[in-house]
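Q: with the input below, show me the fold.
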Amino acid sequence: MGSGSFDIVHGRGVAPEQYHYLPHLLAVLLAKVVGFKIAVNALAFLSLSAFFFVVLYVAWPGRSAYEKVAVCAFVAFFYPISMFFGARFDTSLFLFLMMIGLWLADRPFPYLLLIAAFSAARADYALILALFVLADAFECRRKDIAIYVAAVLVPLGVQILFWIIFASSAYYTKVLTFEENFSGEVLKSPGLWYAIGLAALLFYLAPAKRRDEATEKRTRVARTAKLATLCLYVLCIVAVGRLRELRLLLPALPLVLVLVWGPAYPPVKHARGSA
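A: Purely as a prediction, here's the structure:
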């Protein structure tokens, strides 16, 4: 991946990796100091460590330490075995950005900046995050709803910008992967059953507490929208990715945790309903 990252940064890369510009830029900048191999391992270590820190000490203050440790242990074991074609330093960065974005969900302007940075790293994941948080903003009736709507447009704008900047970039794989993902071979893939099991777990663990009829209806609509966003996430992988690459599913984990545990930001901010 070393030469590929340098090619991407210098505008000579291939799609879709060239549209994931930020991780490669960070790797190249650090590689100039410590070498590429150390740089990518350092980025993976720092991103995973940051994710663990946010889960353990910042997000979901009402959850028990045992639950949080279980999540971190799962990621620690799952991350290295999810790399079908070898280690990928960018997956850990996507996981952290997804997590920190959910934690910043009730702080409109920092959240919008996070979406912009995430879009430069992986615009499709940033769009999923923005749609998920928009549903949460409607549920909580936040006053700054226009910012959350704008956040949905940012990944689309960044992706269009990349298409313009890298107009000559050619895909090194098939653009659409429906045929491969719906072949009989894919039924042997753990990734397919992981996604199906994940969806079943969401419905089973969904909380049932409601305060009144109006709140129940608003919450039900919001949860349906969030589940639809997760389905869109899986659909994107089916359409342009490969279900056998488990790493593609990992950044969805924080979204699942929000559905099961509730908002990642502190409850006092959630109750205030403002930035």
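Q: where do the strands of the stretch 151-275 of the chain begin and end?
A: Counting by DSSP state E, counting those that start in this stretch, no segments of the stretch 151-275 of the chain form strands.
Q: where does it dip in pLDDT?
A: Scanning the stretch 151-275 of the chain for pLDDT under 70 picks out 184-192, 195, 198-199, 202-216, 267-275.
Q: just checking, what packs against the helix ranked longest in the chain?
A: Identified as the longest helix of the chain according to DSSP state H is helix 108-140. Contact analysis of helix 108-140 by 3 or more CB pairs under 8 Å, 6 or more residues apart in numbering; DSSP states H and E lists helix 21-34, helix 89-103, helix 145-165, helix 213-240, helix 253-261 as its packing neighbours. For every residue, glycine as well, the C-beta is placed using N, CA and C.
Q: mind doing that once more with 6 Å?
A: Applying 3 or more CB pairs under 6 Å, 6 or more residues apart in numbering; DSSP states H and E, one finds that helix 108-140 makes contact with helix 21-34, helix 89-103, helix 145-165, helix 213-240.
Q: how far does that helix sit from its chain's centre?
A: Offset of helix 108-140 from its chain centre (CA atoms, centre = their mean, to the nearest Å): 9 Å.
Q: now it: mean pLDDT?
A: Helix 108-140 carries an average pLDDT of 95.
Q: now the angle from it to helix 253-261?
A: Inter-element angle recorded for helix 108-140 and helix 253-261: 40 degrees (by axes from the mean of the first three to the mean of the last three CA atoms, to 10 degrees).
Q: report the buried residues of helix 108-140.
A: Residues 108, 111-112, 114-115, 118-140 are the ones in helix 108-140 that count as buried (16 or more other CB atoms under 10 Å).
Q: go on, stretch 227-240?
A: Along stretch 227-240, these residues count as buried under the neighbour rule (16+ other CB under 10 Å): 227, 229-230, 233-234, 237-238, 240.
Q: what's the answer for stretch 17-36, then?
A: 17-24, 26-28, 30-31, 36.
Q: turn those into TSV, including distance to R247 and pLDDT.
A: What follows is the buried residues of stretch 17-36, written out as TSV (distance: CB to CB, whole Å; pLDDT from 0 to 100):
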residue	distance to R247	pLDDT
E17	14	87
Q18	19	88
Y19	17	90
H20	13	92
Y21	19	93
L22	17	94
P23	13	94
H24	16	93
L26	18	94
A27	16	92
V28	21	93
L30	21	94
A31	21	93
F36	20	89
